[in-house]
Structures are given as structure tokens and as C-alpha cells.
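Colleague: structure, please.
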Amino acid sequence: RASLNPYRTIGWQLRRCARRRRWQTRQTRGGNPLAATEPSATPILAQRALPTPYSVLPEVGLDPDVLHHYPHELSTGMCQRVFLAMASLLGSSILIADEPFASVDSETQARLVSLVRNWMQTRGVTIVLVSHDLVLLRQLTDQVVVMYRGQVAESGPTREVLSPRGAAHPYTLLLDQISDPVKQDSLFTPNSHAAGSRAACCFSSRCAWSDHTICVQAIPAFRPAVPTAGSSAGIPVGSHQLRCLRHPVNELQFTEITAPFTPSEKRPYSDQEILRVKDAAKEFATGWLWRKHKPVLNGVTFSVHEG
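Modeller: Below is the predicted model:
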């Protein structure tokens, strides 16, 4: 909702996307959107087939009455679907989605997943999906990158990395085994004794395979995963990689990964500043003949420290 213009109706914002798509179609020739050309019969016919706000809303499960509403009148899930409608109107070739279906019910999620998968197959749309939902990742992605505390732990084909017998990094294995969010928080929040070491494996404090003689000495380098008996067939050599000094371990330990459910200690605050924003401002333009600017942020300053 925060990314939508609060002073404009949903219909106005969708029509703006449709107008931009029509302009791009008129300016496109030979795949070069920067080459302006004279209108011809081909682009005119193409424009007639372009989607409209009224045609894309049913695709994403929204009623046309939404066009007359403002963003604050819609739920978070409805706003997420509005963005999918915008992507359809713009003909986007790449979608970057951060938990896109987190606020919709299961029935609507299944329909939207089917819609996005259809875009990927028929339009060649590429999706960059950020999610904690492993089921959703298995449904929509071919390649996956597993991250822990800002570091890549494991990467490779989804059907290999997110399979119970194909995952190689202990963190990925825990993600697949633990479904209780409370237990996940206890397992995956680092303890203070490992937080201060930048030269160690970031997962060493929670890893049942951790060897304190090697895992705290250096940050593991990326290396190919060793295929196991449960690895998927047809995986290209070297496509599945992980960052672990203890891989491979005895396969008997595969299903015995555990970690203590102890309360996590708060990491100490650091004086090292990693991000600073000064005098941030944001405004929205309203009106046609007389343009007015409505500020929503003005002079916001903050910093983010390590810890």
C-alpha cells in the first residue's frame, strides 16, 4: 500500500500504466523501445489487443469496482493484487516480488500462483521471488539462493536444494524440517558468542555439525556440493554450491540435525554505522491544470548500526 499514490484512485493509477504501455508500443520498432517511428498498421493492431484495467482485474481476482477506490480503502492483499494488475498492464518481463502472496487466503493464493506461472510460460516473464514459503518457492522457481544473516549459504536448482535428500547446508535442512515459526526463531537467531566473530561461519553457533576448531577460523568459501544418494538426476555438475567447511558429513547424521531451543541473547549494539539516511522526503503530485504537491515525508533522518 505504501508504494501506491494515496491521492489517486486505483483506476487512475492503472490507466496510467496502460497509457505508458501504449506509448511504448508506438515507440517500439525492431525490439528497440528508444527508436521513435511513424505509426503503422501493425502497432495500431497491436494496441487494440493490449490489456485494459477492466480486463486485468478479473485475472487477479479483483472486482472492477476497485477502480473507484483509494489505496487506504483496500486491504494489504488487495493492494498486492493491484500490483500484479499493473505488471500485466505494463507487460513487465521481470517481476521482483517480496512475499507477494503473504496476505491473501489459500484459495486466492493458488489462483495467483497459477496466473504468475502462466505468465512465465506464455510471456517469458522472469520472477525474482523473495519468500520464506518453501512450498511457493518450489512452485514458481527454477533456481534458489538460501541466505542466512546476509550471507549466501546455499544455491542451486530448486528441485535439488529444497528437496529433503538434496539439500546440503545444515541451515537449509533445518528450514525444510522445522515448520513451527516459534522454533524457527529459536533455532535461527544467533547467540552472542558467535555474533562478535566476523571471520567465522555465520551459522556455526546453531549448527549441529559445527567444529569449533575450523568453523570459527575462516568464512567458508563457495564450493560444489557433493552429490548424495538422494540427489536429483540431471543436475549439471557445479550448479549446486554451498558455503560449509564440514560438508560432506556422515550421511547417518542427515536426519539427526538438532539445535538447542535456548532463548537467544540480544546482539550487542555496535558503533559501526552501516546505513545513514539524511533529510529524506517524498511527495505526490495531484491535479492536472494546476499541479500541487502533497508531501508525505519531510526531513526524515535515521541511521542503521550493526547489531
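
Colleague: C-alpha from now on. contacts and neighbour counts both.
Modeller: Noted.

Colleague: for residue 245, which non-adjacent residue is closest in space?
Modeller: What sits nearest to residue 245 in space, not counting adjacent residues and going by CA to CA, 6 or more residues apart in numbering, is residue 220, at 5.7 Å.

Colleague: and what of residue 157?
Modeller: Nearest to residue 157 is residue 143, by CA to CA, 6+ apart, at 4.4 Å.

Colleague: quick one on the thing from earlier: what about the residue nearest to residue 245, neighbour count?
Modeller: 19 (other CA atoms under 10 Å).

Colleague: residue 247 is in contact with that one, correct?
Modeller: No: under the criterion of CA atoms under 8 Å, residue 220 is not in contact with residue 247, lying 10.5 Å apart.

Colleague: residues in contact with residue 156?
Modeller: 143, 144, 145, 239, 240, 241 (CA atoms under 8 Å, 6 or more residues apart in numbering).

Colleague: distance of the first one from residue 124?
Modeller: Taking CA to CA, to the nearest Å as the criterion, residue 143 is separated from residue 124 by 16 Å.

Colleague: more crowded one of those two?
Modeller: Per other CA under 10 Å, whichever of residue 143 and residue 124 has more neighbours is residue 143, with 18 against 13.

Colleague: contacting residues around the more buried one?
Modeller: Per CA under 8 Å, 6+ apart, neighbours of residue 143: 155, 156, 157, 158.

Colleague: residue contacts, the last one?
Modeller: Remark: with contacts taken as CA under 8 Å, 6+ apart, residue 158 is in contact with 137, 138, 141, 142, 143, 144.

Colleague: same question for the third one.
Modeller: Applying CA under 8 Å, 6+ apart, one finds that residue 157 lies in contact with 142, 143, 144, 235, 239, 240.

Colleague: could I have the buried ones of those as ChimeraX selection syntax?
Modeller: In ChimeraX syntax, the buried subset of the contacts of residue 157 is picked out as below (16 or more other CA atoms under 10 Å):
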select :143,144,240
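
Colleague: identify the farthest-apart pair in the contacts of residue 157.
Modeller: 144 and 235 (13.6 Å; CA to CA).

Colleague: on that earlier part again, now the contacts of residue 158 as JSON lines including secondary structure and pLDDT?
Modeller: Shown next, in JSON lines, are those (DSSP: H, G, I helix; E, B strand; the rest coil; pLDDT from 0 to 100):
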{"residue": "137", "secondary structure": "helix", "pLDDT": "91"}
{"residue": "138", "secondary structure": "helix", "pLDDT": "90"}
{"residue": "141", "secondary structure": "coil", "pLDDT": "92"}
{"residue": "142", "secondary structure": "coil", "pLDDT": "92"}
{"residue": "143", "secondary structure": "strand", "pLDDT": "93"}
{"residue": "144", "secondary structure": "strand", "pLDDT": "94"}
